[in-house]
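1. Whatever this is, show me its structure:
(one chain, ligands or ions: 1)
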Amino acid sequence: MEAPLVDIRPATELSAREIAAAVRGGARSARSVLNDHLAQIEALEPELRAFLRRPAALARSRAQALDDARDRGETLGPLAGVPVALKDIFVTRGVETSCGSKILAGWAPPYDSAHAERLERAGAVLFGKLTMDEFAMGSSNENTPFTPPRNPWDLTRVPGGSSGGSAACVAARMAAVSLGTDTGGSIRQPAGFCGVVGLKPTYGRVSRYGMVAFASSLDQAGPFARDVRDAARVLQCLAGFDPRDASSLREPVPDLEVACERGAGGLRVGVPKAMLDLPGLDPGVREAFERSVAALERAGASRVDIELPHARYAVACYYVLSPAEASSNLARFDGVRYGLRVEKSTLRETYEATRDAGFGPEVKRRILLGTFVLRADSYERYYGRAMRVRTLIARDYEAAFKTCDVIATPTSPTPAFPLGRHAGDPLSMYLSDVFTIGANLAGLPAISIPGGFTQAEPGGSPPLPIGFQLIGPRLGEPTLLAAAAAHEAVTDWHTRRPALLERRGLAGGGAS
Ligand code: GLN
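-> Have a look, this model is predicted:
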């Protein structure tokens, strides 16, 4: 008999599926898996700054409890022993949840979000809260009162936003999977910038219960992972009806990992050609996009040209609607119910002083903008119009899906930009969402997958990841995942590793 092969790789090199199989089968303990990840964080976090909080003691006792359950012969779930980190927008019982803002500093919620609950039920070990743009407003993770995180591929660049920490930690192997939220692109854009997979589900597929609200009609939670199947597994655990969220869909959730096996044979990939003529679309991004579409064709898909005639209004529409919703959602942070309170002699002054001290400049800008567009005398001109444009945008997609099965675009017009690039010019930052916002306005599922790299610049920037976005029809996650997995099968972008890992002696195979 041959001796069984022992997998000596550190757990940080494994997928979530491999970790769960090893923990369920007893080849690894949940504790050892957690320790490998904590060591990785220890080594990289001083430079990356992806975590706001690491409740290690809590995570250790949770891992121990899982190991004990297995020793008693219990069957563990599909994420058994997988350490998962959450964007700090997800409420976690007894663990500070700041949503990246000073105004919530110190708030330890008395309950868990639906996401924390469902992940734990699946056997995950929640071990950290990740940095983000304040209240999820931003595309670089620089809108933060804390130290902004860095992109693992180039420490002088941003990881993207608003779920910057969620993308950076998965790219740097500090977690196999993480959760983020996407209101206008905040899962897909940072996933693209960091070379990982980021999946935004159909609106209503995943509960919003226990997610600090930004723009409730757009917000969706979803996974970051290093491959499509891991993302599918995490979504499977999160998805499904939740009576605590009024917009949660009563739809059955199909087997998403099985969907990944379908292949791309016969799928029609719609390309909105006019969008590719956008000024400001980086030529390297465009080239990589063409190669990704060609990869899908190699996998058996066919390319069709489609039109999304109202796509050019998406950014403007979003920056009326999302601040409007935010201005009303954020009214609850008043110094009375949560977190920070700056005491003054009257209640009104207390509100004002608390909100002035607690909110950062971008959040204040959005509250002002939102309050303005909702004023009685500007409501029709801005909010009412934007609502009608939203309907037109949604109809564009409906029409397009009559002739194609998935829509392909770049995730963002450029690769990750240097820290400070858009400082003082919020409008230029807003434009980085041109390709992602449409799916939120129309409530559609969309994924960003690794789609190539830029050329290294001599003496300058190392190769940077480029994201490839696929958008599916409503509840079309199975088709979306089939196309994404088929692309992954004929490319190897997702197997590349940030050089940082090698420099730190954290190469695969346990080299030191
Ligand atoms: N970048 C967009 C914004 O600043 C999207 C943010 C998000 O998806 N949370 O609003």
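2. what does the protein put close to the ligand?
-> Counting by Cβ under 6 Å from any ligand atom, the chain comes close to the ligand at 136-139, 162, 182-186, 214, 322, 433. (Each C-beta comes from the backbone N, C-alpha and C, glycine too.)
3. Of those residues, which belong to helices?
-> residue 322 (DSSP state H).
4. From the residues of the chain next to the ligand, list the buried ones, please.
-> 136-139, 162, 182-186, 214, 322, 433 (16 or more other Cβ atoms under 10 Å).
5. which ones are touching the residue of the stretch 351-500 of the chain found nearest the ligand?
-> Residue nearest to the ligand within the stretch 351-500 of the chain (Cβ to the nearest ligand atom): residue 433, separated by 4.8 Å. The contact partners of residue 433, taken as Cβ atoms under 8 Å, 6 or more residues apart in numbering, are 139, 184-185, 189, 315, 318, 412.
6. hmm, 7 Å instead?
-> 139, 184-185, 189, 315 (Cβ atoms under 7 Å, 6 or more residues apart in numbering).
7. got JSON lines for the residues of the chain next to the ligand, with distance to residue 115 and pLDDT too?
-> Compiled in JSON lines, the residues of the chain next to the ligand are given as follows (distance: Cβ to Cβ, whole Å; pLDDT from 0 to 100):
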{"residue": "136", "distance to residue 115": "14", "pLDDT": "98"}
{"residue": "137", "distance to residue 115": "20", "pLDDT": "98"}
{"residue": "138", "distance to residue 115": "21", "pLDDT": "97"}
{"residue": "139", "distance to residue 115": "23", "pLDDT": "96"}
{"residue": "162", "distance to residue 115": "16", "pLDDT": "98"}
{"residue": "182", "distance to residue 115": "13", "pLDDT": "98"}
{"residue": "183", "distance to residue 115": "16", "pLDDT": "98"}
{"residue": "184", "distance to residue 115": "20", "pLDDT": "98"}
{"residue": "185", "distance to residue 115": "19", "pLDDT": "98"}
{"residue": "186", "distance to residue 115": "15", "pLDDT": "98"}
{"residue": "214", "distance to residue 115": "15", "pLDDT": "98"}
{"residue": "322", "distance to residue 115": "21", "pLDDT": "98"}
{"residue": "433", "distance to residue 115": "23", "pLDDT": "94"}
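8. ok, back up a step: relative to residue 331, which of the contacts of residue 433 is nearest.
-> residue 184 (20.7 Å; Cβ to Cβ).
9. Assign a three-state SS to residue 198, would you?
-> Assigned by DSSP: H, G, I helix; E, B strand; the rest coil, the conformation of residue 198 is strand.
10. Once you drop chain neighbours, what's closest to it?
-> Nearest residue to residue 198, sequence neighbours excluded (Cβ to Cβ, 6 or more residues apart in numbering): residue 191, at 2.6 Å.
11. Same question for residue 486.
-> The spatially closest residue to residue 486, leaving aside those adjacent along the chain, is residue 264, at 3.5 Å (Cβ to Cβ, 6+ apart).
12. Tell me who's in contact with that neighbour.
-> Counting by Cβ under 7 Å, 6+ apart, residue 264 touches 296, 299-301, 482-483, 486.
13. That one - that's part of a helix, no?
-> No - with three-state DSSP as the criterion, residue 264 is coil rather than part of a helix.
14. which non-adjacent residue is nearest residue 463?
-> Spatial nearest neighbour of residue 463, excluding adjacent residues (Cβ to Cβ, 6+ apart): residue 453 at 4.1 Å.
15. Tell me what that neighbour is bridged to.
-> residue 465 (DSSP bridges).
16. wouldn't it be in contact with residue 464 here?
-> Yes - if you go by Cβ atoms under 7 Å, residue 453 and residue 464 touch, sitting 6.4 Å apart.
17. So for these two, which sits in the more crowded spot?
-> Of the pair residue 453 and residue 464, residue 464 is the one with more neighbours under other Cβ atoms under 10 Å, namely 23 against 18.
18. pLDDT wise, what is that one at?
-> pLDDT recorded at residue 464 is 98.
19. Near the residue nearest to residue 198, how many other residues are there?
-> By other Cβ under 10 Å, neighbour count at residue 191 equals 38.
20. try residue 291
-> The tally of other residues near residue 291 (other Cβ under 10 Å) stands at 15.
21. so what pLDDT did the residue nearest the centre of the chain get?
-> What sits nearest the mean C-alpha location of the chain, by Cα atoms, centre = their mean, is residue 187, with 2.5 Å. Note for residue 187: predicted pLDDT of 98.
22. my guess is it meets residue 180, correct?
-> Yes - if you go by Cβ under 7 Å, residue 187 and residue 180 touch, sitting 4.5 Å apart.
23. okay, and the common contacts of these two?
-> 163, 198, 222, 224.
24. Can you list the low-confidence ranges for this structure?
-> Within the chain, the segments meeting pLDDT under 70 span 1-5, 504-512.
25. mind listing the strands for it?
-> Counting by DSSP state E, the chain has strands at residues 51-53, 83-87, 125-130, 177-182, 197-200, 220-225, 268-272, 302-306, 406-410, 446-453, 465-471.
26. And for the third one, what's in contact with it?
-> Read that as strand 125-130. 30, 34, 37, 50-54, 56, 59, 62-63, 81-88, 92, 95, 97, 116, 119-120, 165-166, 169, 178.
27. For the buried ones among these, write the corresponding ChimeraX selection.
-> Buried residues among those (16+ other Cβ under 10 Å), as a ChimeraX selection:
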select :30,34,37,50,51,52,53,54,59,62,63,81,82,83,84,85,86,87,88,92,95,97,116,119,120,165,166,169,178
